[in-house]
Every structure is written in C-alpha cells, then in structure tokens.
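*Asks:* sequence unavailable; structure follows:
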C-alpha cells in the first residue's frame, strides 16, 4: 500500500483537491480528509455530497448526502475527525486506538460530538497531529495501484502547500553504517515513481535487519512530492513502531522550506548535518542508559 499526503491551509483548497481526485476517477474508498474541526468536517461533507451525490457514503446522514465519519479523542490533543470510507483506516495510520465509535453517527449539532473512548493512543499518533495543531488539514490517498497513486499525486502536488515543480535529478539511494547508525544517503527527488520506492525498499530492508537507529542524509535531495511526504511519514512510523528512531539531516533549502510550510518540521527530528545527527543519536542513547 502506497500513500500520498496533501497538506492544506483551508477547507476550500482541500475540498477542491478531493473534487479533482474524484474527477480523476480515484476510488472514493482511497480518499480520506482529516481535520480537528467538527464544523469543518460537516461542512466539507455536505459540500462534497452536493458535488458527487453522497461522496464518502457511510454512516452519517447530512442534508446533501451521506458522509462516512470517524472520530477519535486523543489524550493531550483532543478530537480528530476523519471523513471518507477509509476514515477508520486513517486513524489506524495515525496509530490511534479509535475503537468503538468508528462509523457511529456524529451529531449535526457542533456542541454534541460523539467521541471514541479516551484510550491511550500509541506514539505514532504524534506524527501527523502536529500538522493539525498548526490549523492545517490533510487529504490522504492510499492505494495498492501505481496508476491511482500517480494521478492522486499530481492533484495533491498542484493544490497542496509547498510542492514545487520538480527540476530534480535522477533519484538514488544507498545505505552505510557509522557507529551502529544506519545512514541512508538519498539523492535527487523523493517522488512518485522511483524515489519513494527506493526509500521504501531501503527502510524495509533496515527494519527486517532489526535496525534501531536510522539517519536519512538528505543533503542531495532537491525535490519531494506528496508521495515522498507519504513515504517519509510511513518510514518514520514503521521505525518507531519497532522501537527505533529516525532522523533527517542536511536538508536543502527547498526541502527545509517544504517541511516548514507544511509544519512537518515539527514531526521529524531534523539535524543540521550528518555529524550533528550522529552525535544526537549517541546523546540520546547515553540519556536512555542513565
């Protein structure tokens, strides 16, 4: 399963992206919209229902159609709404133990949300919640089909925050080890088609080998698209899930600006260069051992 992530600073721009995804025949079950605001979620669902006649068909009846909705209360963060047939899957993607109320009705009264039980969410929940804290919303497309994700990436890249037209070189990826730290050297573009696949395969190999400390050396990366963002998040979560840690180092101005614009700089542990990152891994290890 591959993931493309679009980050938006307004409901209108996110809604336009979803409409175009539908126009491009992206399966509705592959599209999910994530927000902190119940009012925004319900308005979004109504408008899309008018556009496609019951888009995200599911559990919650609203004036313009049916909206499949999932809601989780995440301790220390608050409520998170996921709209779409895959809403429950998205909350799982975040690591939230959403449980009981997935697919339950959400009241049209904004003062009467229907939350899940306040179970403790797993650590991975932090990864995209930082983006929501900044007031932005997310549109995710998850699919096993290469053609579907390619079309989705084109739409999300054009309408989402911070994605620029690529002028990047051919992607390359290699791994090496320094002081017990697995360094992944990335070059060119981390984008749909090649770069995201190279990163996914490298991380899968390291996880299979039991790697606990992974450093992405990104000094030669000059472009990341929505598929690349999705792969970075998935890699981070996968390594965290097995008790490891992933850091980024040596961001180019373009990549740094992208992560800042989308608030993803708050999601990843970012170091100035490789030497600083290796030192920070060692410092973390000494603190944990003390």
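*Replies:* Happy to help now that I have it. In this text, all values refer to a predicted model and were calculated from it rather than measured experimentally.

*Asks:* the helices in the chain, which residues?
*Replies:* For the chain, applying DSSP state H gives helices covering 11-23, 38-52, 87-93, 126-133, 146-159, 195-208, 226-241, 253-261, 274-289.

*Asks:* can you list those helices in CSV and add mean neighbour count, mean pLDDT and distance to residue 247?
*Replies:* In this view, the C-beta of every residue, glycine as well, is placed from N, C-alpha and C. As requested, these are exported to CSV (neighbours: other C-beta atoms under 10 Å; pLDDT from 0 to 100; distance: least, C-beta to C-beta, whole Å):
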stretch, mean neighbour count, mean pLDDT, distance to residue 247
helix 11-23, 19, 88, 30
helix 38-52, 19, 72, 33
helix 87-93, 23, 55, 21
helix 126-133, 20, 71, 14
helix 146-159, 21, 91, 25
helix 195-208, 19, 94, 13
helix 226-241, 23, 89, 10
helix 253-261, 17, 87, 13
helix 274-289, 14, 73, 5
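
*Asks:* would JSON lines of these with distance to residue 184 be doable?
*Replies:* Listed next are the helices of the chain as JSON lines, based on distance: least, C-beta to C-beta, whole Å:
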{"stretch": "helix 11-23", "distance to residue 184": "30"}
{"stretch": "helix 38-52", "distance to residue 184": "37"}
{"stretch": "helix 87-93", "distance to residue 184": "22"}
{"stretch": "helix 126-133", "distance to residue 184": "18"}
{"stretch": "helix 146-159", "distance to residue 184": "22"}
{"stretch": "helix 195-208", "distance to residue 184": "5"}
{"stretch": "helix 226-241", "distance to residue 184": "9"}
{"stretch": "helix 253-261", "distance to residue 184": "15"}
{"stretch": "helix 274-289", "distance to residue 184": "11"}
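
*Asks:* out of these, nearest to residue 140?
*Replies:* Residue 140 lies closest to helix 87-93 among the helices of the chain, at 6.0 Å (C-beta to C-beta).

*Asks:* picking that back up, out of the helices of the chain, the one nearest residue 139 is which?
*Replies:* Ranking the helices of the chain by distance to residue 139, with C-beta to C-beta as the measure, places helix 11-23 first at 5.4 Å.

*Asks:* which elements pack onto the closest one?
*Replies:* Here helix 11-23 touches strand 2-8, strand 31-35, helix 38-52, strand 137-143, helix 146-159, going by 3 or more C-beta pairs under 8 Å, 6 or more residues apart in numbering; DSSP states H and E.

*Asks:* wouldn't residue 40 be in contact with residue 10 here?
*Replies:* No: Residue 40 is not in contact with residue 10 according to C-beta atoms under 8 Å; the separation is 9.6 Å.

*Asks:* now do the shared contacts for these two.
*Replies:* Here residue 40 and residue 10 have residue 137 as joint contacts, going by C-beta atoms under 8 Å, 6 or more residues apart in numbering.

*Asks:* and residue 182, what does it touch?
*Replies:* Counted by C-beta under 8 Å, 6+ apart, residue 182 has contacts 175-176, 206, 211, 213-215.

*Asks:* ok, now with 10 Å
*Replies:* Applying C-beta atoms under 10 Å, 6 or more residues apart in numbering, we find residue 182 in contact with 175-176, 202-203, 205-206, 209, 211-216, 239, 244, 246.

*Asks:* so residue 21 makes contact with residue 27?
*Replies:* Yes: using C-beta atoms under 10 Å, residue 21 is in contact with residue 27, at 9.4 Å.

*Asks:* overlap of the contact sets of these two?
*Replies:* Counting by C-beta under 10 Å, 6+ apart, the shared contacts of residue 21 and residue 27 are 141, 148, 152.

*Asks:* with adjacent residues omitted, what lies nearest to the second one?
*Replies:* By the measure of C-beta to C-beta, 6 or more residues apart in numbering, the closest residue to residue 148 outside its immediate chain neighbours is residue 26, 6.0 Å from it.

*Asks:* so which of the helices of the chain comes closest to residue 183?
*Replies:* Each of the helices of the chain has some distance to residue 183 by C-beta to C-beta; the shortest is helix 274-289, at 7.0 Å.

*Asks:* cool, thanks, signing off.
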